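In: the sequence and its predicted three-dimensional model are supplied below.
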There are 2 protein chains.
Amino acid sequence: MPDSIHAIPEVVILRLPLYVRVLTQLKDEGTEVISSRELGDRLSVTPAQIRKDLSYFGRFGKQGRGYNVSYLVGELRQVLGLDRQWNTAVIGIGRLGRAIINYPGFAPEGFKVVAAFDADPAQVGRQFEDVAIQSIGEMQQTIRERNIAIAIVAVPAPQAQRVISELVSCGVKAILNYAPIAPQVPEDVRVRNIDPVLALQTMTYHLKVRQDEAGS
Amino acid sequence: MPDSIHAIPEVVILRLPLYVRVLTQLKDEGTEVISSRELGDRLSVTPAQIRKDLSYFGRFGKQGRGYNVSYLVGELRQVLGLDRQWNTAVIGIGRLGRAIINYPGFAPEGFKVVAAFDADPAQVGRQFEDVAIQSIGEMQQTIRERNIAIAIVAVPAPQAQRVISELVSCGVKAILNYAPIAPQVPEDVRVRNIDPVLALQTMTYHLKVRQDEAGS
DNA sequence: CCTTGTGAAGGGGTTCACAGCA
DNA sequence: TGCTGTGAACCCCTTCACAAGG
């Protein structure tokens, strides 16, 4: 059991879903075996990195041949916990929140929105896609009862930190945050931010350098 | 000019927009001066890291006092190239593409959607928010004429790589990709992916470990 | 006394390179 | 021959710790 000897670097965990995605695509295309080199080409990652990453979790390959695609994707899904359903709750049912509830991409991957919350009393009781909107006050109880492990935050920025703190106090350990803030959470809580503006702002630096060079 | 002596690590560029965001918020709250320690607390980053990051671009602080918030935010915006307007194009005008065009969060940050493209001839000619939808064939010309530096890809996954390759051949060097794929681009092209499913999948590993521990 | 800016030390992740095996 | 799995080397980023200065 290699994973009990050394802690697994967080970056490795961040890459595994990428591997799963490409492997799944390869499987659908009918590819049965793939080498670390070919997989690396598809992902712009070095073959050594792929082999090293996989080695944290087991020995999935065959020397001289490569990796069996369906076997590997199955193992990785198990490692990541993608072999089960994860119940989620959406908080904030504005335009974005409704789009998230209606988004058809979550369910096939095992992420099911089973609850929705909004601070606006006028929203409470309405239904979207089988999900009835509840008041924020009901959050703690519902999260417990419905075994909700992941919260998806889609409230306006000014309320986001308060909502996230409340989710943390409800025991939620994983948060997908769409609000444009830098949330503060205890270190045993994981947050991933979806923030298109931030993503754009990380690219302009290089564009600027290029522009300035062209201008001089 | 420290940035001409040593290349700036990419991770630093990724953090600067976060600094800008929090500093802007602090400025709005009326804070005039902040130390690297206080800023670090807000961002869950060590003070040393903030000081080191900033030192790549200049000496913005005052010993014994800290950093002047509005001065620092101004300098960083300039460093990142956020002191100008960036024209963008949206490709793929389905539900997601329309949401992006209508999204009110881009313009105030200097990102303006000035063009939109779709492969469906039935869509071509329609208008959303002042933007007329054009055919994919018009992309190259429009990108040049309208000085579009950033493309936002919102086409279905199967078409995404083809569209991205086409954008690259149009000379686009920055792409915000919403399609759930791992795009392949030349190394002088920057891509940021917005992928909620991937974000969720990077969190389940830790939830799983926790679950398994509880069960044993 | 407080906080910056920064060389130097430290640590963690990537890459190398090769033994092992099909 | 081809490719995996992996210890070791390497490298880059983070953190330390302190001189400098308000």
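Out: Happy to help now that I have it.

In: where do the helices sit along chain A?
Out: Along chain A, counting by DSSP state H, helices occupy A:2-5, A:10-29, A:36-43, A:47-55, A:69-80, A:95-102, A:139-145, A:157-169, A:196-215.

In: how about the residues of chain A near DNA strand C?
Out: A:9-12, A:45-46, A:48-49, A:51-52, A:62-65 (CB under 7 Å from any atom of the strand). C-betas here are computed from N, CA, C, even on glycine.

In: so can I have CSV of those showing pLDDT, neighbour count and distance to chain B?
Out: Formatted as CSV, the residues of chain A next to DNA strand C follow (pLDDT from 0 to 100; neighbours: other CB atoms under 10 Å in any protein chain shown; distance: CB to the nearest CB, whole Å):
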residue, pLDDT, neighbour count, distance to chain B
A:Pro9, 97, 12, 12
A:Glu10, 96, 11, 9
A:Val11, 97, 9, 10
A:Val12, 98, 16, 10
A:Val45, 97, 18, 9
A:Thr46, 98, 12, 13
A:Ala48, 98, 11, 18
A:Gln49, 98, 15, 14
A:Arg51, 98, 17, 18
A:Lys52, 98, 13, 17
A:Lys62, 98, 11, 24
A:Gln63, 97, 6, 26
A:Gly64, 97, 6, 27
A:Arg65, 97, 10, 23
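
In: I'd like the mean pLDDT over stretch A:202-215, please.
Out: Averaging pLDDT along stretch A:202-215 yields 91.

In: and it, anywhere near chain B?
Out: Yes - Stretch A:202-215 is in contact with chain B by CB under 8 Å from any CB of the partner chain, via A:202-208, A:210-211.

In: need the contact list for the nearest residue to A:Phe57 once chain neighbours are set aside.
Out: Excluding the flanking residues, the one nearest A:Phe57 by CB to CB, 6 or more residues apart in numbering or on different chains is A:Val79, at 5.1 Å. By CB atoms under 8 Å, 6 or more residues apart in numbering or on different chains, the contact set of A:Val79 is A:16, A:57, B:205.

In: wait, the last one sits on A:Gly81?
Out: Looking back up the chat, that one is B:Tyr205. Yes - look at B:Tyr205 against A:Gly81 with CB atoms under 8 Å: they come within range, at 5.9 Å.

In: dump the residues of chain A next to DNA strand C to a markdown table, plus distance to A:Arg126.
Out: Supplementary listing: those in a markdown table, determined by distance: CB to CB, whole Å:
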| residue | distance to A:Arg126 |
| --- | --- |
| A:Pro9 | 44 |
| A:Glu10 | 39 |
| A:Val11 | 42 |
| A:Val12 | 42 |
| A:Val45 | 45 |
| A:Thr46 | 50 |
| A:Ala48 | 53 |
| A:Gln49 | 48 |
| A:Arg51 | 51 |
| A:Lys52 | 50 |
| A:Lys62 | 54 |
| A:Gln63 | 58 |
| A:Gly64 | 60 |
| A:Arg65 | 55 |
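
In: what's the local residue count around A:Arg15?
Out: As a burial measure, A:Arg15 scores 16 neighbours (other CB atoms under 10 Å in any protein chain shown).

In: shaky segments in chain A?
Out: For chain A, residues meeting the criterion pLDDT under 70 lie at A:1-6.

In: can you list the residues of it near DNA strand D?
Out: Proximity of chain A to DNA strand D (CB under 7 Å from any atom of the strand) is limited to residues A:2, A:35-37, A:47-48, A:51-52, A:54-55, A:59-67.

In: have a look at chain A and report its longest strand.
Out: As assigned by DSSP state E, the longest strand anywhere in chain A is strand A:111-118.

In: paired strands for that strand, with orientation please.
Out: Its sheet considered, strand A:111-118 pairs with strand A:86-91 (parallel), strand A:131-135 (parallel) by DSSP bridges.

In: got the domain ranges for chain A?
Out: Here the domain assignment for chain A is A:2-80, A:86-198, based on automatic domain parsing.

In: highest mean neighbour count out of the ones you listed?
Out: domain A:86-198 (a mean of 18; mean count of other CB atoms under 10 Å in any protein chain shown).

In: straight-line length of that one, end to end?
Out: End-to-end distance for domain A:86-198, by CA to CA, to the nearest Å: 28 Å.

In: out of the domains of chain A, which gets nearest to B:Ala107?
Out: domain A:86-198 (10.4 Å; CB to CB).

In: and that closest one, how far from the chain's centre?
Out: Centroid displacement of domain A:86-198 relative to its chain, using CA atoms, centre = their mean, to the nearest Å, is 13 Å.

In: against A:Tyr103, how distant is A:Arg192?
Out: Relative to A:Tyr103, A:Arg192 is positioned 16 Å away (CB to CB, to the nearest Å).
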